[in-house]
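Student: next input, structure requested:
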Amino acid sequence: MTAATVLPHVNAILNAVSTVLLLIAFTYIRRGNRDAHRKVMISAIIVSAVFLVCYLTYHFTAPIFVFKGPRELLPAYYGLLISHVILATVVTPMIAVTAWRSLHGQFERHRAIARWTFPIWLYVTVTGVVIYVILYHIYPA
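Tutor: Okay, here's the model as predicted:
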């Protein structure tokens, strides 16, 4: 097995784990459990960082993947893919700023950006799994 054959599956698992961690952290903060929220969010950041390393490794070593589904679905697929890539690029520094503010006790400023960071990050992790399922299970090469 090569990185090109294994990493897409690893990336999907890491995205799914990030999704679950984000939802758990959201539940904790809604219940007022800041300590548990902080621990789970740190875990989500670590998992997402590992994902980013694996994702970049994959894309620097693998050939470009071509969508093999029906042509009629190309606009929907590329709409999903483009929104995923753009928002993944946007949310990465947002995650850093959001975490920085929390770790430095700037909770009002943290909360202000977290309201944007959370749904974008969640969208990116979920759509990452959806794109994986489309490319590797519904319309595999």
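Student: just give me the neighbour total for V66.
Tutor: By the measure other Cβ atoms under 10 Å, the count of residues near V66 is 7. C-beta here means a position set from N, CA and C on the backbone, and glycine is covered the same way.
Student: next SSE downstream of the helix or strand containing C54?
Tutor: Assessed by DSSP states H and E, C54 sits inside helix 34-61. Proceeding C-terminally, helix 34-61 gives way to helix 74-103 as the next helix or strand, assigned by DSSP H and E.
Student: in the following helix or strand past that following helix, which residues are buried?
Tutor: Next in sequence after helix 74-103, counting helices and strands by DSSP H and E, comes helix 107-133. Buried residues in helix 107-133, counted by 16 or more other Cβ atoms under 10 Å: 110, 113-114, 117-118, 121-132.
Student: per-residue confidence for R30?
Tutor: Note on R30: pLDDT of 98.
Student: mind checking how far it is from H37?
Tutor: Distance of R30 to H37, computed by Cβ to Cβ, to the nearest Å: 9 Å.
Student: likewise T127?
Tutor: 24 Å.
Student: host element of L7?
Tutor: Per DSSP H and E: helix 3-30 holds L7.
Student: packing partners for that helix?
Tutor: helix 34-61, helix 107-133 (3 or more Cβ pairs under 8 Å, 6 or more residues apart in numbering; DSSP states H and E).
Student: now render those as a markdown table, adding mean pLDDT and distance to V6.
Tutor: Below are those laid out as a markdown table (pLDDT from 0 to 100; distance: least, Cβ to Cβ, whole Å):
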| stretch | mean pLDDT | distance to V6 |
| --- | --- | --- |
| helix 34-61 | 96 | 9 |
| helix 107-133 | 98 | 13 |
